[in-house]
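please find the sequence and the predicted model below.
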Amino acid sequence: MARGSPQVAEPLVLNPSDTVAILTTRGVAPAGHKIARADIARGAAVVKYGQVIGYATCDIAAGDHVHSHNLAFGDHDRDQSPGAGLAAARAALDRHRGPELQFQGYHRDGRQVGTRNFVALVATVNCSATVIRRAADELQAEGALADYPNVDGVVAFAHGSGCGMADSGPGWIALQRVLTGHAGHPNVGAALFVGLGCEVMQIARMKQELGQAARFHGLTIQDNGGTRATIDAIKARVRQMLPQVNAVTRAPAPASALRIGLQCGGSDGFSGITANPALGVACDILAAQGASVVLSETPEIHGAERLLLDRAADPALADRLLARLRWWEGYAAMNGASLDNNPSPGNKAGGLTTILEKSLGAVAKAGATPLNAVLDYAEPITAPGLNFMDTPGYDPVSATGQIAGGAQLIVFTTGRGSAFGSKPAPTLKLATNDALFAAMRDDMDLNCGDVLSGVSLDDKGRQIVDLILRTASGQVTRSEALGLGDQEFLPWQIGAVL
């Protein structure tokens with residue numbers, strides 16, 4: 001027990017080699033924080049999860065609180081053996097094979113299956129953001145969807161870019177993928193691109209990427225006579241679309257049709273112990289079904305990349321992941337930042353001290369099966385099993401890329417609390433601890449804090465899979481019930497604003 005706290009529960013030791021233990025209730029520090037298991041000398045490595053998370057900046061006595069005041073980032077193991085753990089990863093996949101799981105989804109052309117059925121209004125440029133938002137609001141106020149029970153809503157994807165940018169290169173490619181990925185998303189029954197008319201991001205190029213399918217339409221403010229006339233034109237076009245979108249109904253689909261985006265935000269000291277590894281078990285079960293699960297947030301795997309490289313299914317995947325990490329190191333340095341120590345104030349208040357500690361816990365979401373793909377931002381998700389998508393750590397930007405890639409659901413773990421939601425793919429939020437689940441009950445879909453009181457990670461993983469399948473079949477998430485998701489569409493803006 002922690003010194004001076006005889007009523008405090010025994011601290012949790014995660015690995016026999018760890019030099020710190022985790023407080024499960026308040027003691028010398030808040031729950032989720034670390035205490036020293038034995039004396040730690042100044043300069044010595046501090047170990048959690050069996051991995052170095054930093055170095056003592058002064059002598060630390062057994063039982064003392066270990067955090068930012070006496071622990072700092074330092075050199076960590078950069079030895080890499082890509083594929084060294086591939087046999088074990090394949091064995092993990094085999095262990096989770098079982099009978100086919102199903103959900104009730106919307107079957108689209110091209111063998112896509114949706115978990116929701118939206119009409120999407122997609123702005124090609126900031127200049128058309130207001131008209132699509134106004135049109136969506138007016139349609140809602142007028143009760144336009146009242147006679148269409150199979151339509152989940154009209155959602156406006158507005159953003160702050162689309163012009164003042166190069167017409168080629170990484171920035172253009174990223175935005176083009178985001179816009180076409182949302183318009184052609186399996187959770188979208190029909191989409192309408194709306195532009196000003198003279199912008200860099202032209203509708204004709206968008207439709208060329210998607211083909212001339214009946215689900216995609218386009219108009220511009222300049223051709224329709226201005227703002228008010230365009231709002232009216234959008235509303236009229238949507239009313240024409242609604243009967244066809246409503247005609248699609250749910251039917252059985254295999255779990256292999258699912259693509260799940262993995263997110264964590266507002267992490268705490270329990271994230272890497274409860275919700276993240278439980279979600280990792282769920283991902284292994286889904287991967288064994290042939291579904292795709294997508295880990296992202298490249299700055300937040302920094303220091304834990306070896307856990308992914310070890311199970312790369314192909315050496316080229318390891319090379320690609322390392323190249324993205326090198327790019328991020330240069331990108332951060334160019335902008336006066338560093339990947340070496342980026343936990344937020346909330347992360348630190350929750351007990352996370354260094355990026356190594358945070359990253360080791362974050363990677364637990366990815367489970368234990370082989371890494372089968374490394375994707376650029378918003379690139380289409382096609383490989384079954386574990387994928388990694390290069391995104392920033394900022395949740396709205398990261399989730400926007402995952403959804404653009406085709407993720408029909410986002411599963412989001414949080415220890416400090418999050419008010420995040422997303423469209424057209426709904427977000428499920430998993431609480432890492434009992435206190436958060438009780439405090440933010442309207443926001444949390446599942447409590448994983450009971451892992452600390454005896455629920456096994458395997459059982460919790462199966463609970464998560466069941467929740468995913470029920471949500472994919474139409475069960476409303478907490479964030480959907482609260483109306484979240486309209487403001488969280490945030491494409492990654494890469495490159496110069498010209």
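Thanks, I have it. Residues are numbered from 1 along each chain as shown.

any buried residues in stretch 183-199, and which?
Neighbour-count burial for stretch 183-199 flags 183-197, 199 (criterion: 16 or more other C-beta atoms under 10 Å). Using the backbone N, CA and C atoms, a C-beta is placed for each residue, glycine as well.

show the pLDDT at residue 76.
Looking at residue 76, its pLDDT stands at 63.

make that residue 342, sorry
So residue 342 comes in at 62 (pLDDT).

same question, residue 206
77.

just to revisit the earlier point, state the pair within the buried residues of stretch 183-199 that is farthest apart.
Spatial extent of these (C-beta to C-beta) is set by the pair 186 and 197 at 29.5 Å.

ok, back up a step: just the buried residues of stretch 183-199: which are in helices?
residue 183 (DSSP state H).

pick the one among the buried residues of stretch 183-199 closest to residue 419.
residue 187 (21.3 Å).

how far away is that closest one from residue 19?
Residue 187 is 46 Å from residue 19, where distance means C-beta to C-beta, to the nearest Å.

check residue 85 too.
24 Å.

can you give me the neighbour number for residue 84?
Each residue near residue 84 was counted by other C-beta atoms under 10 Å, and the total is 13.

per-residue confidence at it?
Residue 84 carries a pLDDT score of 93 in this model.

apart from its neighbours in sequence, what residue is nearest it?
Nearest-residue entry for residue 84: residue 310, 5.0 Å, with adjacent residues in sequence omitted and distances by C-beta to C-beta, 6 or more residues apart in numbering.

surely that neighbour touches residue 85?
Yes: in this structure, residue 310 is within contact of residue 85 by C-beta atoms under 8 Å, at 3.6 Å.

need the contact list for residue 261.
294, 296, 399, 402, 403, 405, 407, 409, 410, 411, 425 (C-beta atoms under 8 Å, 6 or more residues apart in numbering).

switch the residues you listed over to a markdown table; also include secondary structure and neighbour count.
Formatted as a markdown table, those follow (DSSP: H, G, I helix; E, B strand; the rest coil; neighbours: other C-beta atoms under 10 Å):
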| residue | secondary structure | neighbour count |
| --- | --- | --- |
| 294 | strand | 28 |
| 296 | coil | 28 |
| 399 | helix | 29 |
| 402 | helix | 30 |
| 403 | helix | 29 |
| 405 | coil | 27 |
| 407 | coil | 31 |
| 409 | strand | 25 |
| 410 | strand | 27 |
| 411 | strand | 26 |
| 425 | coil | 27 |
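
distance to residue 393 added to these, as a markdown table?
Output for those, formatted as a markdown table (distance: C-beta to C-beta, whole Å):
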| residue | distance to residue 393 |
| --- | --- |
| 294 | 15 |
| 296 | 9 |
| 399 | 11 |
| 402 | 13 |
| 403 | 17 |
| 405 | 17 |
| 407 | 17 |
| 409 | 20 |
| 410 | 15 |
| 411 | 17 |
| 425 | 19 |
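
tell me which of those is nearest to residue 330?
Using C-beta to C-beta, the contacts of residue 261 come closest to residue 330 at residue 296, 19.4 Å.

residue contacts, that closest one?
By C-beta under 8 Å, 6+ apart, the contact set of residue 296 is 261, 262, 263, 388, 389, 390, 391, 398, 401, 402.

next, the closest residue to the last one other than its chain neighbours: phi, psi?
The shortest distance from residue 402 to any residue that is not its chain neighbour, by C-beta to C-beta, 6+ apart, is 3.3 Å, and that residue is residue 261. The phi/psi pair for residue 261 (degrees, to the nearest 10) reads phi -90, psi 130.

burial of the closest residue to residue 41 other than its chain neighbours, as a residue count?
Sequence neighbours aside, residue 59 is the residue nearest to residue 41 in space, at 5.9 Å (criterion: C-beta to C-beta, 6+ apart). Residue 59: 13 surrounding residues under other C-beta under 10 Å.

then residue 122?
By the criterion of other C-beta under 10 Å, residue 122 has 29 neighbours.

does it have beta-bridge partners, and which?
For residue 122, the beta-bridge partners are residue 157, residue 193 (DSSP bridges).

now do the stretch of helix or strand residue 479 belongs to: which elements does it pack against?
In the assignment (DSSP states H and E), residue 479 maps to helix 478-481. Packing contacts for helix 478-481, counted by 3 or more C-beta pairs under 8 Å, 6 or more residues apart in numbering; DSSP states H and E, involve strand 427-431.

returning to what we had before: among the contacts of residue 261, which two are most distant?
The widest separation within those (C-beta to C-beta) is 15.0 Å, between 405 and 411.

same for the helix or strand of the chain with the lowest mean pLDDT, what does it pack against?
Across the helices and strands of the chain, mean confidence by mean pLDDT, DSSP states H and E is lowest for helix 203-210: a mean of 78. Under the contact definition 3+ C-beta pairs under 8 Å, 6+ apart, helix 203-210 sits against helix 170-183, strand 188-195, strand 216-220.

now the angle from the shortest one to helix 170-183?
This means strand 216-220. 120 degrees (axes from the mean of the first three to the mean of the last three C-alpha atoms, to 10 degrees).

each with direction, which strands does strand 216-220 pair with?
Strand 216-220 pairs in its sheet with strand 188-195 (parallel), by DSSP bridges.

what is the rounded mean pLDDT of the strand it pairs with?
96.

C-alpha coordinates for that strand, PDB please?
Output of strand 188-195 as PDB, limited to C-alpha atoms (Å, rounded to 0.1, in the frame of the first residue of the first chain):
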ATOM      1  CA  VAL A 188     -24.100   8.200 -47.100                       C
ATOM      2  CA  GLY A 189     -27.100   7.400 -49.300                       C
ATOM      3  CA  ALA A 190     -26.700  10.500 -51.500                       C
ATOM      4  CA  ALA A 191     -24.400  13.500 -51.600                       C
ATOM      5  CA  LEU A 192     -24.500  17.000 -53.000                       C
ATOM      6  CA  PHE A 193     -21.200  18.900 -53.600                       C
ATOM      7  CA  VAL A 194     -21.700  22.600 -53.300                       C
ATOM      8  CA  GLY A 195     -19.000  25.100 -54.400                       C
END
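
just the angle between it and helix 203-210, please?
150 degrees.

from the chain's centroid, how far away is strand 188-195?
Averaged C-alpha coordinates place strand 188-195 at 24 Å from its chain's average position (C-alpha atoms, centre = their mean, to the nearest Å).
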